[in-house]
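Trainee: everything below, folded, please.
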Amino acid sequence: MNRTLAEITPTLAANMYHDPSDKMLEVYKEHDFNACYPLLTESQTRSEGVALISNYITQYTSEQFPALLLDFNQLFIGPGKMKVPLWGSYYLSEDNLLCGPSTQKLQERIDALGIKLSTSDGDNQPVDHISLVLQLVEFTLNEGKTLELKVIVGEHLAVWGYRIAELIIEHAQTDFYLGWGLLLKDYLDVLVESNGVIVQERTLWG
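Mentor: Numbering: from 1, shown residues only. Next up, the predicted model:
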């Protein structure tokens, strides 16, 4: 199961970090998403997410691109207040400040593993951006570092990652991003359950 989770992780991260593009949709169109997306569970969440994305891709034309890009921006970028902040510290700070104590604690975990995290375009993001935390999760899955995985997921990712999934589901204006919100939730469910992760209870402020 963990190998399959590791395979999915970069795709989840990419769809929350990179702007959509016609090229990206064409790549998806070349494959049957319904058949290609791994069967982690047979949950309704997973089924709905895969169906929404698969149908969107099948029917997609370039005329839909402006709406898709607008949806990505209103969720994760702006202008104005983004609907879905992607940094863990945002949710763990009463004032929604980035790079707080939780970020430092996560950096200490990363340093202990002796690795460096970076976005594909070299953007200088705080290490608790979900795309980087997912990169960290992928590393621990691939390396079989079960104890480290439990800490990273239980003390960081799952604490606020579920909230990110909820906000995507609530605010997505296209079936494409609604589907990915559902699949993020399903991914977290499987990651937590299959690895016996105990998720810390924390007050969330976003």
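
Trainee: which elements pack onto the helix or strand hosting Leu52?
Mentor: Element membership for Leu52, per DSSP states H and E: helix 44-59. In terms of contacts (3 or more Cβ pairs under 8 Å, 6 or more residues apart in numbering; DSSP states H and E), helix 44-59 is packed against helix 22-29, helix 33-36, helix 175-194. Quick note: C-beta positions are derived from backbone N, CA and C, even for glycine.

Trainee: pull out the buried residues from the helix or strand just after that helix.
Mentor: Counting by DSSP H and E, the element after helix 44-59 in chain order, helix or strand, is helix 65-76. Buried residues in helix 65-76, counted by 16 or more other Cβ atoms under 10 Å: Leu68, Asp71, Phe72, Asn73, Gln74, Leu75, Phe76.

Trainee: compute the mean per-residue pLDDT across stretch 22-29, please.
Mentor: What stretch 22-29 shows for mean pLDDT is 91.

Trainee: give the buried residues for that stretch.
Mentor: Those would be Leu25, Tyr28, for stretch 22-29 by 16+ other Cβ under 10 Å.

Trainee: output it as PDB - backbone C-alpha positions only.
Mentor: What follows is stretch 22-29, C-alpha atoms only, in PDB (Å, rounded to 0.1, in the frame of the first residue of the first chain):
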ATOM      1  CA  ASP A  22      -3.700  22.700 -21.800                       C
ATOM      2  CA  LYS A  23      -0.700  20.500 -22.100                       C
ATOM      3  CA  MET A  24      -1.400  19.000 -18.600                       C
ATOM      4  CA  LEU A  25      -5.000  18.200 -19.600                       C
ATOM      5  CA  GLU A  26      -3.800  16.700 -22.900                       C
ATOM      6  CA  VAL A  27      -1.500  14.400 -20.900                       C
ATOM      7  CA  TYR A  28      -4.400  13.300 -18.700                       C
ATOM      8  CA  LYS A  29      -6.600  12.800 -21.800                       C
END
